[in-house]
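Engineer: missing the sequence, but the structure's below:
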């Protein structure tokens, strides 16, 4: 299937294959973070701090709007992505 559309590429292959890939990548990333002494909290805090600094450079009003939209995105993704992942893993296509 060389003509996969974007959504099919994002969803990936079978649920089992996707799950195994996520497990392997999670182990690798966890090992790298442990060796470097980085916690997930440190990682995400650094990302958010950098985004906040970037938004602050854009200007106060624009920055507030962008930060609000980014906050909504993160909050929504924290709910939507796990639900999508669970439904993807249990679907039988």
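Structural biologist: It's in. Worth saying up front: this structure is predicted, and the values here are computed from it rather than measured.
Engineer: what helices and strands are in contact with the longest helix seen in the chain?
Structural biologist: Longest helix in the chain by number of residues, with DSSP state H as the criterion: helix 60-90. When contacts are defined as 3 or more C-beta pairs under 8 Å, 6 or more residues apart in numbering; DSSP states H and E, helix 60-90 sits against helix 15-36, helix 40-58. Backbone N, C-alpha and C define where each C-beta goes, glycine included.
Engineer: looking at these, which has the lowest confidence?
Structural biologist: Lowest mean pLDDT within those: helix 40-58, at a mean of 83.
Engineer: so which bits of that one are buried?
Structural biologist: residue 55 (16 or more other C-beta atoms under 10 Å).
Engineer: quick one, that helix and helix 60-90 angle?
Structural biologist: Helix 40-58 runs at 140 degrees relative to helix 60-90, counting by axes from the mean of the first three to the mean of the last three C-alpha atoms, to 10 degrees.
Engineer: packing partners for helix 40-58?
Structural biologist: helix 60-90.
Engineer: now the helix it packs on against helix 15-36, angle please.
Structural biologist: Using the same axes, to 10 degrees: helix 60-90 against helix 15-36 is 130 degrees.
Engineer: helix 60-90: how far from the chain's middle?
Structural biologist: 9 Å (C-alpha atoms, centre = their mean, to the nearest Å).
Engineer: what of stretch 35-42?
Structural biologist: On C-alpha atoms, centre = their mean, the centre of stretch 35-42 falls 17 Å from that of its chain.
Engineer: before we move on, what about stretch 16-28?
Structural biologist: The answer for stretch 16-28 is 15 Å, by C-alpha atoms, centre = their mean.
Engineer: still on that earlier bit, kindly reformat the helices and strands packed on helix 60-90 as TSV containing distance to residue 75.
Structural biologist: Listed next are those as TSV, based on distance: least, C-beta to C-beta, whole Å:
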stretch	distance to residue 75
helix 15-36	22
helix 40-58	12
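Engineer: who wins for proximity to residue 91 among those?
Structural biologist: Of all those, it is helix 15-36 that lies closest to residue 91, at 6.4 Å by C-beta to C-beta.
Engineer: what residues sit buried inside the closest one?
Structural biologist: Applying a neighbour-count criterion of 16+ other C-beta under 10 Å, one finds residue 15 buried in helix 15-36.
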